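[1] with the sequence up front, the predicted model follows.
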Amino acid sequence: MLAIYPGAGAGYGVATPELMAFCAETARQSGVLLDHTYSGKALYYFAQAARAQPERFRGKHILFWHTGGALALFAKTDELLSHLPPGQVRRLKLP
């Protein structure tokens, strides 16, 4: 069965503070980087749906296809870093 859940949010490339906090927390807990435009927004809205209706997902196999999007993270670096504990993450500075 294929189910499609709405998750456009505030619009293309627009991230709410809640979405950015979700992406930061996911990275902190799992090491998986999520961008605010595609994968992060998709997983954020899926997680909301799963929390709202856990019985629909309990005992089911869920495939979440992470499509990348790491380049989109550069546009929100400072905002993303503001959600992470100070001193645990630092920006790579190239010569």
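    Thanks, I have it. Values in this document were obtained by computation on a predicted structure and should not be read as measured data.
[2] now the spatially most central residue of the chain. Nearest residue, chain neighbours left out?
    Centroid-nearest residue in the chain, with C-alpha atoms, centre = their mean: Gly40, separated by 2.5 Å. Residue nearest to Gly40 in three dimensions, not counting chain neighbours: Leu34, with 3.4 Å by C-beta to C-beta, 6 or more residues apart in numbering. Where you see a C-beta, it was placed from the backbone N, CA and C, and this is true even at glycine.
[3] and what of Leu71?
    Using C-beta to C-beta, 6+ apart, the nearest residue to Leu71 is Asp35, at 7.8 Å.
[4] name the nearest residue to Tyr5, sequence neighbours excluded.
    Ala49 (4.8 Å).
[5] list the buried residues for the helix or strand that contains the one you found?
    In this structure, Ala49 sits in helix 39-52 according to DSSP states H and E. Neighbour-count burial for helix 39-52 flags 39-46 (criterion: 16 or more other C-beta atoms under 10 Å).
[6] show residues contacting that helix.
    5-7, 9, 15, 18-19, 22-23, 26, 34, 56-57, 64, 66-69 (C-beta atoms under 8 Å, 6 or more residues apart in numbering).
[7] please apply the same query to stretch 5-23.
    33-37, 40-47, 49, 72, 75-76, 79-80, 83.
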